[in-house]
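Chemist: here is a sequence with its predicted model. Questions after.
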Amino acid sequence: MLDLTRGVLEIPTDYHIGITAGSDTAAIELAMWNMLGARGVDVFGFEVFSNDWVMDITKQLKIPDARVFQVPFGELPDLRQADFNNDVVFTWNGTTSGVIVPDGEWIPDSRAGLTFCDAISAMFGVEIPWSKLDVTSFSWQKGLGGEAQHGIIVMSPRAIERLREYTPPWPLPKIFRLKKGGEVAMGFFAGETINTPSMICVEDAIDAMKWCQQIGGLKGLIARSQKNFQTIQEWVARTPWIEFFVRDRKLRSPMSVTLQITAPEYAVLDETSQRKFNQELTARVDAAGAGYDFNNHKGAPPSLRIWCGPTVESADVAVLLEWIAWSYQEQTKVAQAA
């Protein structure tokens, strides 16, 4: 499984890959709990999950030398503010905002601190510059479907060295411990797990990885996601009542595509009414069996979020958009009658 993951994602041979329970959340928190605190920390928040990591660092770990950079949904903090003498924590793709970090050029190769990247909704759909990342977390579930039980953590040689040299001052529960007797538990990066995962889920992920190989590996996966994204771009361009939530084209995620209804009669509604409108719009499509779970996260502003990862067919995206347009018209009639 680890070899398949390395091959499909083109992870360097000297990087270490481990599997943990608890999906991406456990993977990124395991890394933070084991390795943060050795230096100051710069953390960037711009959507639900990256803001969660801000809370972890400031309220749970209470790292005194933490600098927080947060912006509203739909925007990306100025990443040039990062001080790479510190550790830097960020999310590559804002799952709930539709904002993506466009590249890794802002990260120097000669950094002193480590970079910690939650890449769950970017993985399998965009290129990842591994040389810029020291600790990367994700799960198979987001990009390839299947169960969300497992988290994957990828560590550079510099990250392994941090594990060897540093012991955090706070207690670690057993499921988070990457050291035993003062030594790094390297078996974790050779397929041994801290907590026994479901082997059925692992077999499902193996099947998914083999499919990735059959369609051309990472390049094939990226091409499928881009085709899905293009389908939505063309629809938005000809649909007057909807727009991308993210205004800057360079920052629009091709995976978690986030849209905002902009019709004047919708814009004048208060937030509660907008959320009700969206809930009823999406529920109508759900009831027809035409699309599921595309109302955005409850922690995000009222918006729609369409997953365009590589397992999705562009023809299905096109059909979904027709259903959304129909449901929008129906919901507009309901709102006007009310």
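Modeler: Okay, I see it. In this text, all values refer to a predicted model and were calculated from it rather than measured experimentally.
Chemist: any low-confidence regions in the stretch 201-338 of the chain?
Modeler: By pLDDT under 70, the stretch 201-338 of the chain has no low-scoring segment.
Chemist: can you show me the strands along it?
Modeler: 242-244, 256-261, 304-307 (DSSP state E, counting those that start in this stretch).
Chemist: relative to Gly18, which of those is closest?
Modeler: Ranking the strands of the stretch 201-338 of the chain by proximity to Gly18 (CB to CB) places strand 256-261 first, at 25.2 Å. Yep, even glycine has a C-beta here, placed from its N, CA and C like the rest.
Chemist: from the chain's centre, how far out does that closest one sit?
Modeler: Averaging C-alpha positions (CA atoms, centre = their mean, to the nearest Å) puts strand 256-261 15 Å from its chain's average.
Chemist: before we move on, what about stretch 168-184?
Modeler: On the basis of CA atoms, centre = their mean, stretch 168-184 sits 26 Å off its chain's mean C-alpha point.
Chemist: list the buried ones in that stretch?
Modeler: Buried residues in stretch 168-184, defined by neighbour count with 16 or more other CB atoms under 10 Å: 168, 176, 178-179, 184.
Chemist: tell me which of those residues fall in strands.
Modeler: Judged by DSSP state E, those include 179, 184 as members of strands.
Chemist: hmm, who's touching stretch 66-83?
Modeler: Residues from elsewhere that reach stretch 66-83, judged by CB atoms under 8 Å, 6 or more residues apart in numbering: 40-47, 51, 54, 57-58, 86, 88, 90, 94, 96-99, 101, 106-107, 113, 245-248, 251, 258, 300-301.
Chemist: ok, back up a step: a markdown table for the buried residues of stretch 168-184, including pLDDT and distance to Glu234?
Modeler: Compiled in a markdown table, the buried residues of stretch 168-184 are given as follows (pLDDT from 0 to 100; distance: CB to CB, whole Å):
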| residue | pLDDT | distance to Glu234 |
| --- | --- | --- |
| Pro168 | 96 | 50 |
| Phe176 | 88 | 46 |
| Leu178 | 91 | 46 |
| Lys179 | 89 | 52 |
| Val184 | 91 | 50 |
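Chemist: out of the buried residues of stretch 168-184, the closest to Ile306 would be?
Modeler: Among these, and counting by CB to CB, the member closest to Ile306 is Phe176, at 34.4 Å.
Chemist: generate CSV for the buried residues of stretch 168-184, with distance to Ser139 as supplementary columns.
Modeler: Output for the buried residues of stretch 168-184, formatted as CSV (distance: CB to CB, whole Å):
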residue, distance to Ser139
Pro168, 24
Phe176, 17
Leu178, 18
Lys179, 23
Val184, 23
